[in-house]
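[1] Fold the stuff below for me.
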Amino acid sequence: MALKTMLVLIIVATIATTSFADAKSQAGIVQVNGTLYCSPNGNPTNNGNTPPIFPNAILQVACTGDVIVPGPNKGTTDSDGVYSFYLVPRPINATVKSIVASCRLFVRTPLSKCSPALPKAGLVSNLKYVKTVQVGFFPISITYMVAAGFSLQA
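    Numbers count the residues shown, from 1 in each chain. This next block holds a predicted model:
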């Protein structure tokens, strides 16, 4: 009887360990956030002069393949140029690596809307992984990502 109990405990421990390891490789819910500046690359400058922020700009994440659930994968910057929105990975086992490799963040509002001196083009950036945080004791995690660096969209 003791052997049977020990065997059941070993099997349960093995399953739990495997499930936890699998969960860590999954992306969970993905939050994309950052601040958009009114500059040719959407970022602050390196010369110490911070450009104005880009309020009311529309951003959208678009992915190749089937890594996120279709839906409202977009957001709008607030009056401080801050954006934050969520993506739901699909299939359930989509990894951080697969999302970073196949998704891009687009600024759909032309730069000329924040400054007439800037081009009438949008911006595009790859996504950059920041961290993944498990939510309490639940098997849910939130993966945080930001723009890796914007460039003019051709």
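
[2] so how far does stretch 127-144 reach from one end to the other?
    10 Å (Cα to Cα, to the nearest Å).

[3] Note down every partner strand of the top strand by length along the chain and its orientation.
    The single longest strand within the chain, with elements called by DSSP state E, is strand 123-134. Strand 123-134 pairs in its sheet with strand 103-107 (antiparallel), strand 141-147 (antiparallel), strand 151-152 (antiparallel), by DSSP bridges.

[4] Next SSE downstream of the worst-scoring helix or strand of the chain on mean pLDDT?
    Every helix and strand of the chain was ranked by mean pLDDT, DSSP states H and E. The lowest is helix 2-25, at a mean of 40. Later in the chain than helix 2-25, the nearest helix or strand by DSSP states H and E is strand 29-35.

[5] Show me what that next one packs onto, helices and strands only.
    strand 82-87, strand 141-147 (3 or more Cβ pairs under 8 Å, 6 or more residues apart in numbering; DSSP states H and E). The way it works is simple: take the backbone N, C-alpha and C, and place the C-beta from them, glycine included.

[6] angle of that strand against strand 82-87?
    Counting by axes from the mean of the first three to the mean of the last three Cα atoms, to 10 degrees, strand 29-35 lies at 170 degrees to strand 82-87.

[7] residues in contact with Pro119?
    Contacts of Pro119 were listed using Cβ atoms under 8 Å, 6 or more residues apart in numbering, and they are Pro40, Pro110, Leu111, Ser112, Leu152.

[8] Just the buried residues of the residues you listed.
    Buried subset of these (neighbour count, 16 or more other Cβ atoms under 10 Å): Pro40, Leu111.

[9] Out of the contacts of Pro119, which is nearest to Gln60?
    Gln60 has its nearest neighbour among the contacts of Pro119 in Pro110, at 13.9 Å by Cβ to Cβ.

[10] Quick one: residues contacting the closest residue to the closest one other than its chain neighbours.
    With Cβ to Cβ, 6 or more residues apart in numbering as the criterion, Pro110 has its nearest non-adjacent residue at 4.8 Å, and that residue is Lys120. Contacts for Lys120 (Cβ under 8 Å, 6+ apart) come out as Pro110, Leu111, Ser112.
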